[in-house]
Structure formats: C-alpha cells, structure tokens
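Novice: 3D model of this:
(2 chains)
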Amino acid sequence: MEIISQNGMILLWLTIAFGFFMAWGVGANDVANAMGTSVGAGALTIKQAVIVAAIFEFAGAYLAGGQVTSTIRKGIIDPIIFTDSPELLVYGMISALLAAAIWLMVASLKGWPVSTTHSIVGSIVGFAAVGISVDAVSWGSVGTIVLSWVTSPLCAGILSFILFRSVQILILDTDEPFARAKKYIPYYMFLVGFVMSMVTFVKGLSHVGLDLSFMESAFYSIGVGLIIVVIGVTLQSKITIDENADKDFHYASVEKVFAVLMIFTACGMAFAHGSNDVANAIGPLAAVNSVIASGGQISSQAAIPVWILFLGGAGITTGLIMYGHKVIATIGKSITHLTPSRGFAAELAAGTTVVMASATGMPISTTHTLVGAVLGVGFAKGIAAINMRVVRTIFISWVITLPAGAILAILFFHILKAIFG
Amino acid sequence: MDTRIRIGNNGEKHYPGLVMTNSILSLFASSPFLPLQDHMSKVLECVQGLEGFLQAVFEEDWKKAKNHQKIINNLEEGADELKREIRLKLPEGLFMPVSRTDLIDLIGRQDRIANKAKDIAGLMLGRKMVIPQPMHETFVEFLQSSMSVCVKANQIIQELDELLETGFRGYEVRKVESLIFELDDLEDQADSHEREVRLQLFSLEDEIDPIKVIFLYKIIDWIGEVANRAQTVGHRLHLMLAR
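Specialist: Numbering: from 1, shown residues only, chains lettered A, B, ... in the order given. Prediction:
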C-alpha cells in the first residue's frame, strides 16, 4: 500500500503517457485499415476520410468503448489475486501497455500485419501468468476472447456474403441497374443507421449514463436510420447517368450511387473501430487509475471515468491527424479493386460485427474482421483477385504476436518491480 | 530498417520509414481482367493490320507490304509482352471468381490469333505471293469476314469487366451469350466465304504454277484459321461462365 501512496502519482502519469502513446499508435496505423477501403473505392477523399475518422472514431471510443475497456481492465485478470499487493497490478498494466506499444512500433517499421488487440491481450496474459501466477489469469474469459477472434472474421464473412448477394440479385444482375440502385440503396442506408445505432444503444451506452430499454433503443435507432435515409437520398439524387463513363464501363454510374452509401458505412466503420480499439490503450489505464485513485483498493467502481475515455479518443484522433492520413493515402491509392458496391458490403458487415463485439465487451481485431468480410464478398464472386497468402500471414501473426507481447510485458514488469519495489 | 524504395504487388511504391505493408494492402492482388481486355484489343489491332497488308500485296508493292508486316509483327510482340505480364501476375494462391487455369488458357487462345496473323503476313511476303486478279474481290470479302469474327470476339472479351461487376451471373451473362450466338453466325459466314474463295481458286488452278497454288490454298486455310481461333476464344469464355 505504501508503494501506492508514495509513487502513485508517478505511476499514474506514466500510465497516462503510455496510454496516450498507444492510442496515438492505434490512430496512426490501425485506423487506416478501416478507412483505406473507402478512399480506395472513391467514396471519400483522403481529407474527407480523416475528418470522418476523427469525428466517428472519437464518438465510437467515447460512446461505445466502455464494455471492451472494462474487459481489458478487469476481465482478463482475476482481481482477487492482487488484493494484497495492488502495486503489482499497476506495474503489470503499465508493462502490458508499454510492451504492446513497442511491439506495434517494431511491426510497423518491419511491415508486419499485427493486431493491436492481440498485442495488448497477449501482454496482459503474459505479465499475469508468468510475472505473478497462472491463477492470476481468468482463463475462462481469455478462452472466450480467443474464440471471438475466430468467430468475428467468420461472422463478418457470412454477413458480407449475404449483403453482396442481395446487391447482386436486387440491383446488379438486372437489365436496369441504375434505376434499381436509386430505388433500393436507400433501404441499405436505413440498415446502416439502424444497425449501428441499435447495437450501440442496446448494450453500449450505460457508462455514459444512457440506459435505454430495448423498445427505446429500437425507437431511436429507427429515427437515426430515417435521418440517414433523408441525407442519403438527397445526396444520391444529384447523381445522373454519365454516358461517357458508362461507355467504357457500363456500371460506372451505378457505382457512383453506391459511393454515397459507402460514405455512411465508412462512418460506421470508424465508429466501430473506435469503440473496440480504444480499449487497447485505455483499458490498462483504467485499471491503474482505479487502483491509485482508491489508494490501493482493487475492487473498483464499475464505470470508466469519462476523462479516460476522452483521453483515448483524443489519442486516436491525434495519431490519425498527425500520421494516419499518410497510411490511409498509401492504402487508398493501392486498393482500387474494391468498388463501392463491394466496399459497402464489406464495411457494413465488418462494422456490424465489430460493434456487436464492442457491445458484448469482446476485444477483437478490426483488421482481421475486415479481411473476413472481404473474403465473404470474394466468395460471392465479387472481387477480381484475393491473395490467400494473407490469410496464412494472419495466422502466423497470431502465433508470433501473443508470445512477443507476453515476453516484452514480463520483461518490463520485472524492471518496474525492481525500480519501485 | 530497409531504406530502399520497394514496389508492392500492386505497383505502388513503399517509401522507407514508418510505412506499413499492411494485411489489407496485400489482400488484394492485381486484377487480370483489365489486362486481358487490353491484350485482346492489341490482338484485334494486329489482325486488322492484314487489311492494309493485303492491299499492298494486290499492288505487288513489296516495300509497302514489308512496312505493313513490320507493324503487324510489332503488334504481335506487344501482345506477347502483355501475355507474359499477365501470366506473371497470376501466381498460385489467388482466389478469383474464375479458375486460374481458365484465365491462362483464355489468354493463350487470344494470343494464338495474333500469331496466325503474323504467320500469314510472313508467308505472303516471304513468297512475294501473287493473288490472281479475278480473285481479288472475293479474297478481300473473305479476309473481312474473317476479321469481323475477331471484332466480335473482341467485343465479347471487352465485356469481362462488366461480367466481373455482376459476379459472372444474371443479366450480363445472358447479354454475353447472345453475343456468342452472333459470333457463331459470323464464323459460319467466314466459312462460306472460304468455300467461295477455294472454289474460285479451283477453277483457276490449272493456269497457275502448282507450288504457288498449294501455298495459295495454305493462306486461304490460315485466314479461315484466324476466324476459327477467334471463335474458340468466345467459346472458352462461355465455358468459364457455365460454371
């Protein structure tokens, strides 16, 4: 306990710094995956993508990031083990944060596809299992989390397959795709608004004080959906058939209508990503804060303090604005194969899956979920060529990231123990 | 840290420093469909070069014929180059809406059309082939009807990007199928023109040196072969759609 009262503030400020740094890293590297597809498909310019991401990542982090943050904070480790020596929890969380952030930096420099979520979870499990004891980890929860890493790409793939098939049947495979696009796309716009809102309202907003019943959530979600439809139809009505473009590629004008739809799915994707990945940075911070603020108590208040969520959102946005736009540009320039009709299906499927995971407190990899969604569209014959070796790379990165994060975290844990006692 | 500027698998440049080659980036491989369309355009250009070449042969202006032949050869080489590039960008482990072997087979067949055109020009020039005056008109008609099969085959191949857009299903497939029916009709017409030309040569052959006659029949055969190969391209694509 003395360690807490003596060094508490230093430790807290350390955690804040590392947490912000981690959030910055998420904004700089990870957001580009969510937004790059929209830029590549021509739905948004890079500038627009950065603005959309800045607003919606922050909104997602602040409004819907609470559940996942809770999981990272106290869902992985068993708090009871730390009751007698709460400073170990503090050291551990700081180590985990630092380990994940450094691993991310190394992977970025080397060009490896690494999941921020896997890094932090691996680091936490590492310090707890090895640094303290195997019983320090809630293996049941960890098992559920790992299971969600498998089910989320699968779920996104199935959803995107269904979505894209519906687009083919209703709009593309017909003799008047443009007219049908204008007729049916508003329904998809409603779907985007409704699903995103519904998942968020039903489960995710309790920590901002908005506890809505199911019926209330449904009501507000329908409202959001309708607003989106109104905005979308207005934007869409400005699009007319471009005869010249259609001569080269008959579906050029149809894709322009889909591009409007993709603006909304891009917002949804940014919101979903913020809601799930902010926890990677501020989950450990929330854990440390609750210990230090209560002077060494482990059993803590249920709600995440608002300033922590705010810090996470701000970190992501800062990283995005300072560096993330470059990565978005790189990805956007290269992915020209994902036309809006495909991009929308992949983004809506991935976004829905991620938001559902956020609402149930499951920390998942947004990137892998998006890969699953793209594969789903590929199965519906929607994409020219998908490099299947990437799927293998993803599995390999799992195998490497978890131990790497764990080893680094254990290392830092022992260093901190040595410095602070 | 690697400080070279690397080229990614989509042709994008990766600058040194904190740039990530990311799972999303490497997920998409280059589409072979647009290059396939470009290749077929080039093949058609190559075949169409035979029109000017034939005029020069009629005039027995061998210098002019040689120039036309050079153009045809260059176009054929360009098509070969495109074919090689496409094959290089089709490694194993690509997931596409059509099978990799189908695509490689298709481009092979497209390429063989250009090869035949090059052979025709090469042989006619090499032997300084003289076409009997009475045959000029039917010969031109024959060449044109053979070329129109190629034009139709090109039109079909240019629908590849639209086929991709609709996922190789539905309305677009029916559209392409009706084009293939037109292709078959055109090939029938080319066949009947070929018969006309042969009959004409048969009636004239006693007055011409026998070796020259044999090679004339050969060239007639080859021009018909150009139409055949163009028809095969259309059928190959049709097979791909049937799956």
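
Novice: Can you tell me, leaving aside adjacent residues, what's nearest to the residue most central in space within chain B?
Specialist: Taking Cα atoms, centre = their mean, the centroid of chain B lies closest to B:Val43, which sits 3.7 Å from it. Once flanking residues are discounted, B:Val43 sits nearest to B:Ala114: 4.5 Å by Cβ to Cβ, 6 or more residues apart in numbering or on different chains. Just so you know, the C-beta spots here come from the backbone N, C-alpha and C atoms, and that holds for glycine as well.

Novice: Give me the helices and strands touching the helix or strand containing the one you found, please.
Specialist: In the assignment (DSSP states H and E), B:Ala114 maps to helix B:100-126. Secondary-structure packing of helix B:100-126 (3 or more Cβ pairs under 8 Å, 6 or more residues apart in numbering or on different chains; DSSP states H and E): helix B:33-59, helix B:62-88, helix B:136-157, helix B:210-242.

Novice: Check what pLDDT B:Trp222 gets.
Specialist: You'll see B:Trp222 listed with a pLDDT of 97.

Novice: My read is that it contacts B:Ile113, right?
Specialist: No: using Cβ atoms under 8 Å, B:Trp222 is not in contact with B:Ile113, being 11.4 Å away.

Novice: And the residue of chain B that's closest to chain A?
Specialist: Residue nearest to chain A within chain B: B:Gly170 (2.6 Å; Cβ to the nearest Cβ).

Novice: Count the residues that sit near that residue.
Specialist: 16 (other Cβ atoms under 10 Å in any protein chain shown).

Novice: how far away is A:Val31 from A:Ile10?
Specialist: 31 Å (Cβ to Cβ, to the nearest Å).

Novice: about what we covered before: what's the residue nearest to the centre of chain B in contact with, if anything?
Specialist: Counting by Cβ atoms under 8 Å, 6 or more residues apart in numbering or on different chains, B:Val43 touches B:79, B:110-111, B:113-114, B:150, B:154.

Novice: is chain B contacted by the worst-scoring helix or strand of chain A on mean pLDDT?
Specialist: Least confident element among the helices and strands of chain A, by mean pLDDT, DSSP states H and E: helix A:243-248 (a mean of 74). No: between helix A:243-248 and chain B, judged by Cβ under 8 Å from any Cβ of the partner chain, nothing touches; the nearest distance is 8.7 Å.

Novice: Now do that helix: which elements does it pack against?
Specialist: helix A:252-293.

Novice: for the helix it packs on, what is the average pLDDT?
Specialist: 89.

Novice: Heading C-terminal from it, find the next helix or strand.
Specialist: Following helix A:252-293 toward the C-terminus (DSSP H and E): helix A:306-319.

Novice: can you give me the angle that next one makes with helix A:252-293?
Specialist: 140 degrees (axes from the mean of the first three to the mean of the last three Cα atoms, to 10 degrees).

Novice: So which other helices or strands are in contact with helix A:306-319?
Specialist: Using 3+ Cβ pairs under 8 Å, 6+ apart, helix A:306-319 sits against helix A:2-25, helix A:46-64, helix A:66-70, helix A:252-293.

Novice: Tell me which of those sits nearest to chain B.
Specialist: The nearest among the helices and strands packed on helix A:306-319, by Cβ to the nearest Cβ, is helix A:252-293 at 8.1 Å.

Novice: Give me the longest helix you can find in chain B.
Specialist: helix B:170-204 (DSSP state H).

Novice: ok, for the one residue in chain A that gets nearest to chain B, nearest residue in space, not its chain neighbours?
Specialist: Of all residues in chain A, A:Asp173 sits closest to chain B, at 2.6 Å by Cβ to the nearest Cβ. Of all residues not flanking A:Asp173 in the chain, B:Gly170 sits nearest, at 2.6 Å (Cβ to Cβ, 6+ apart).

Novice: for the one you found, what are its contacts?
Specialist: A:168-169, A:172-174.

Novice: neighbour-wise, which of the residues you listed leads?
Specialist: Of the contacts of B:Gly170, A:Leu172 is surrounded by the most neighbours, 25 neighbours in total, counting by other Cβ under 10 Å.

Novice: Just read off the phi/psi values of that residue.
Specialist: Phi and psi for A:Leu172, reported as degrees, to the nearest 10, are phi -80, psi -40.

Novice: next one: A:Met198
Specialist: Torsion angles, degrees, to the nearest 10, at A:Met198: phi -60, psi -50.

Novice: nearest spatial neighbour of it, skipping sequence neighbours?
Specialist: Nearest to A:Met198 is A:Ser221, by Cβ to Cβ, 6+ apart, at 4.1 Å.

Novice: can you list the helices and strands packed on helix B:100-126 in TSV and add distance to A:Ser133?
Specialist: Shown next, in TSV, are those (distance: least, Cβ to Cβ, whole Å):
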stretch	distance to A:Ser133
helix B:33-59	58
helix B:62-88	55
helix B:136-157	67
helix B:210-242	60
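
Novice: separation between the residue nearest to A:Asp173 and B:Met40?
Specialist: From B:Gly170 over to B:Met40 (counting by Cβ to Cβ), the distance is 23 Å.

Novice: A:Val288 too?
Specialist: A:Val288 is 64 Å from B:Met40, by Cβ to Cβ.

Novice: Same question for A:Val134.
Specialist: Relative to B:Met40, and taking Cβ to Cβ, A:Val134 is found at 64 Å.

Novice: what bits of the chain have low per-residue confidence?
Specialist: The chain I'm using is chain A. A:1-3, A:111-113, A:203-210, A:299-303, A:335-336 (pLDDT under 70).

Novice: My question was about chain B, not that one.
Specialist: Across chain B, the ranges flagged by pLDDT under 70 are B:1-23, B:243.
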